[in-house]
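Engineer: Here's my sequence, what's the structure:
(one chain, ligands or ions: 1)
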Amino acid sequence: MATKKKTTATSAPSETKQDIERTYRFFKLEEFDSPDAKGSGVNMQHSTVQMLDEARALAGIPFVINSGFRTKSHNAAIGGAENSAHLRGFAVDIRCQSQTNFERVALAVIAVGFRRIGVHYNFMHVDNDPSLPTNTWQYNRQNVEEQYRLDFVRAATKMADFLATIK
Ligand SMILES: [Zn+2]
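Structural biologist: This is a model prediction of the structure:
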């Protein structure tokens, strides 16, 4: 069977930040800056921002990025995981304060294929870091709201994976 060989999408060296940003409907790379390094949002992985952009279109509500790329020192300062996907530009924390917003954001990020999701009562961590295993988790084990969010994410993931088998 003749299949078209897939080429990996990489940014050509001549591609400017503006060229890359033009491919996103909703995001500017500054939104992903590590707070201690202006302009460091350019270290975000193109695949991550592309998926996020698609999810944002589906959700139909603004995604406020609490954290995107992190320098090693910023990550350490805020107590991030030592091997955090934020260090490699594969992760974002999206602000989710109301349960309704959380549900829309969760359904959208799952629909576009994110399978590493951490839930917090104020935000949702999503990443597509290929060096880390598929996982869903909560940050505060005793928090009822987070427990609800984790159950929601797990059920929605099962549904999305099931629907993918019947397409
Ligand atoms: Zn995070």
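
Engineer: Apart from its chain neighbours, what residue comes closest to whichever residue of the chain sits closest to the ion?
Structural biologist: Of all residues in the chain, His125 sits closest to the ion, at 3.4 Å by CB to the ion. (Glycine included, C-beta is placed from N, CA and C.) If the residues on either side of it in the chain are set aside, His125 comes closest to Gly118, at 3.7 Å by CB to CB, 6 or more residues apart in numbering.

Engineer: which SS class is Asp93?
Structural biologist: Secondary structure state of Asp93, per DSSP: H, G, I helix; E, B strand; the rest coil, is strand.

Engineer: Would you check that it makes contact with Ile117?
Structural biologist: No - Asp93 sits out of contact with Ile117 when judged by CB atoms under 8 Å, with a separation of 10.9 Å.

Engineer: Look up how far His120 lies from the residue nearest to the spatial centre of the chain.
Structural biologist: The residue lying closest to the centre of the chain (CA atoms, centre = their mean) is Val126, at 3.6 Å. To His120, Val126 is 12 Å away according to CB to CB, to the nearest Å.

Engineer: Also Leu163?
Structural biologist: 27 Å.

Engineer: more crowded one of the two?
Structural biologist: Neighbour totals were compared for Leu163 and His120, and His120 leads with 20 against 10 (other CB atoms under 10 Å).

Engineer: Quickly run through the sheet partners of the helix or strand the residue nearest to His125 falls within, with directions.
Structural biologist: For Gly118, the host element (DSSP states H and E) is strand 116-119. According to DSSP bridges, strand 116-119 has the following sheet partners: strand 123-127 (antiparallel), strand 135-138 (parallel).
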